[in-house]
Every structure is written in structure tokens, then in C-alpha cells.
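1. Based on what follows, work out the 3D shape:
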Amino acid sequence: MSKPKVFVTRLILDSGLRLVQDFCDVDLWADELPPPREALLKRVRGVDGLLCLLTDQIDAEVMDAAGPQLKVISNHAVGYDNINVAEATARCIPVGNTPGILTDATADLTFALLLAAARRVVEAERFVRQGKWKTWGPALLLGMDVSGATLGIVGYGRIGQAVARRAVGFGMRILYYDPAAVPPASLPAQPVDFETLLRESDFVSLHTPLTSQTYHLINADSLALMKPTAVLINTARGPVVDPQALYMALKTRRIFAAALDVTDPEPLPMDSPLLELDNLIILPHIASASRSSREQMSRMAAENLLAGLRGERLPNCVNPEVYEKLKVTRASNA
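-> You can find the predicted model right below:
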């Protein structure tokens, strides 16, 4: 019996790749950069399954190119805004993601960025390497206090709550904005409206998914509500922040600093004016880049893929309503 054919759009860690290779006929895109659009459309032809990354735009055109035998799309990420999930559902294709396992890694990096931006760690390190350190001075590279400050968390799901747990250790006052959240009673966090959070927070940390409602949620108007001493941290999705508005807010010192693990676009072009700013830290989307987290992500993505190929329910499915559609479809074909 022939193995199911799958396309894996990038080299994932061995914990997941070996599972896929043992069960499937694998076409692997091994380059460091994602496959160009033309290559993606060509390589998906005739596949039974697709394991993709958040850098791959999986839309109706890609699904058409793959063909009607496509059984499953597995995303090697928690977020899935790169996939047209509604289109996949209409075609009875389950879509998998990798939630939960990168919560602590992302929360750790969030706090690393918060501390680094507040205390100007990256700027100070450059200061030394550039030979500018001549002596100790009372006003040298003054930053913002973290202990006892107010932290505003936008998006109070798993990661937002994990960040709140870390903030407790710093004696921070914790606010959050998330109308859909069901907060644990064990955390001393106060729900507030979005405008109150912006006005009262010393640090604003973003942990919301990218949707039509959250696109450019942080814009010129919202930045204008923040304290001039405030720090913005984004480890969610780049387009949640309007990059032009952020540039102006940082350039004019409307806010003190920002730290981004995600940008719009990704990667950030080298001619971006954001790279000229000394009060901005930019990382290359590494929030989940701990070895254990990435190993688990790869394994989870592989398990979603294999379940879909076997006709089983995906362990982590973002469109579970697809199974009702599949049941109806199978009944009508019986």
C-alpha cells in the first residue's frame, strides 16, 4: 500500500520530522527561506496532507492547486492567520495548530523584553561596544522601574496569564483587557476597558490573536493615550501594531520605549525607519525558540498531520465544526 503524499514547507525538528517520514512520502522544502509562491503552488499538487509554517499563505488558490484529495493542513504554530480556515472548512479539510506548549517560552521572552526595554539593556550594551563608556555617571542611561509598576495585558489567554504570573513576582499591579477572558481567581489581575489600560499602564504587553478587530489595535490614537514613560511590548502578531504610528510615537518620545518580537512585515526591511530608533528593541520572532518548545511544536504538528491522513480527529483542531460537515458528507455519499 502506497504511503500518503505530503509536502512539508520547511525543515522542522527531528521529533516531528521523523514521525512524518516514517508514515508518509515526504516532499521537504529544505531551504532556510520559505518556498516562493510559485514553488508552493507546484509542490502541493496531488498531496494528501500539508504541514506548513506561519510564513506560508495557505488560501483557496493553494487548496485548488493541491486538489480534492487534500485531507489535512497542519500549521507549525499556535496562530493560524496565515490559513484561510473558512475556505478549508468549506472543503471539509481540518486545520491543526500547536497550542499550549509555547506558553511559558513566550511569557519568558515577554518579560525579558519588558526588562530589557525598561532598563535600556540593549542600548547600554551597544554603548559599551561603541567605546562610549568613559566613566560612571548619575544620569547615565536612566531607565524605568519595573518593581511595583502597572502592567497592562491585552489578551488574557494562556500566554497573557503566564505573563501575569511572572509580574506577581515583581510586585506589579496587573490590569488586563479581554472581554472573552475567564480569569483564574488565583491571579490578582483587574479587568478594565482598553482605554483605561492604556492610560494607567507603565507597560503594555500584547497577547491577542490577529483578527480584523485587532489589526492595528495599537495605532496613533491608542499610543496617544499611553503615558510618556510607558513601554510597549509585542510578542503576539506584527500587524496588531501600526508600524508608522509606532515610529512616530518613539521618534517624538511620545512613549518611552518599545520591544517587538514580531513586526509588520516580517522580516523587517533593512531600510525600515524603525531600525534607526535607539528606544526600540526588535527580535526575529523567537518567542517560542526554546529547544523543548520547538521540539514539542514539531511533534504536535506531525501528530495533527498524521491524524488527518488516517481519517482521525486532529488532537488540536482549529475548525472542529469540520467534523460535522464530514459526517453529513459521508452520510449523503453512503
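2. contacts, neighbours, all on C-alpha from now
-> Fine.
3. Run a quick neighbour tally on the residue nearest to M248 when sequence neighbours are not counted.
-> Excluding the flanking residues, the one nearest M248 by CA to CA, 6 or more residues apart in numbering is R254, at 7.9 Å. As a burial measure, R254 scores 19 neighbours (other CA atoms under 10 Å).
4. Repeat that for P209.
-> By other CA under 10 Å, the residues close to P209 number 18.
5. That one is in what secondary structure piece?
-> Assessed by DSSP states H and E, P209 sits outside every helix and strand.
6. Enumerate every residue touching it.
-> 79, 155, 236-237 (CA atoms under 8 Å, 6 or more residues apart in numbering).
7. isn't there a strand covering the residue nearest to M248?
-> No - assessed by DSSP: H, G, I helix; E, B strand; the rest coil, R254 does not belong to a strand; its assignment is coil.
8. Helices of the protein, residue ranges please.
-> Using DSSP state H, the helices assigned to the chain run over residues 14-23, 37-43, 60-66, 85-90, 103-118, 121-129, 158-168, 194-200, 220-225, 243-251, 291-309, 322-333.
9. between the ones you listed, which gets nearest to T150?
-> helix 194-200 (7.2 Å; CA to CA).
10. what's the model's confidence in the closest one, averaged?
-> Averaged across helix 194-200, the pLDDT comes to 98.
11. Please identify the buried residues of it?
-> The neighbour-count check on helix 194-200 (16 or more other CA atoms under 10 Å) flags 194, 196-200 as buried.
12. Which elements pack onto that helix?
-> strand 150-154, strand 173-177, helix 220-225 (3 or more CA pairs under 8 Å, 6 or more residues apart in numbering; DSSP states H and E).
13. Within the sheet, what are the partner strands of the first one, with directions?
-> When pairs are called by DSSP bridges, strand 150-154 turns out to pair with strand 173-177 (parallel), strand 203-206 (parallel).
14. who's in contact with the last one?
-> Contacts with strand 203-206, where a contact means CA under 8 Å, 6+ apart, come from 110, 114, 149-155, 160, 197-198, 230-236.
15. now do 7 Å
-> Under the contact criterion CA atoms under 7 Å, 6 or more residues apart in numbering, strand 203-206 has outside partners 150-155, 230-236.
16. Of those residues, which is the nearest to K134?
-> V231 (28.0 Å).
17. what is the closest one paired to in the beta sheet?
-> As assigned using DSSP bridges, the partners bridged with V231 are F203, A257.
18. who's in contact with it?
-> So V231 contacts 118, 202-204, 255-258 (CA under 7 Å, 6+ apart).
19. Save those residues as JSON lines, and put in distance to F127 and neighbour count too.
-> Shown next, in JSON lines, are the contacts of V231 (distance: CA to CA, whole Å; neighbours: other CA atoms under 10 Å):
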{"residue": "A118", "distance to F127": "16", "neighbour count": "25"}
{"residue": "D202", "distance to F127": "25", "neighbour count": "28"}
{"residue": "F203", "distance to F127": "24", "neighbour count": "29"}
{"residue": "V204", "distance to F127": "26", "neighbour count": "25"}
{"residue": "I255", "distance to F127": "21", "neighbour count": "23"}
{"residue": "F256", "distance to F127": "18", "neighbour count": "24"}
{"residue": "A257", "distance to F127": "17", "neighbour count": "28"}
{"residue": "A258", "distance to F127": "18", "neighbour count": "27"}
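20. Dump these into JSON lines; add distance to S292 as well.
-> Shown next, in JSON lines, are the contacts of V231 (distance: CA to CA, whole Å):
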{"residue": "A118", "distance to S292": "28"}
{"residue": "D202", "distance to S292": "32"}
{"residue": "F203", "distance to S292": "29"}
{"residue": "V204", "distance to S292": "28"}
{"residue": "I255", "distance to S292": "35"}
{"residue": "F256", "distance to S292": "34"}
{"residue": "A257", "distance to S292": "31"}
{"residue": "A258", "distance to S292": "28"}
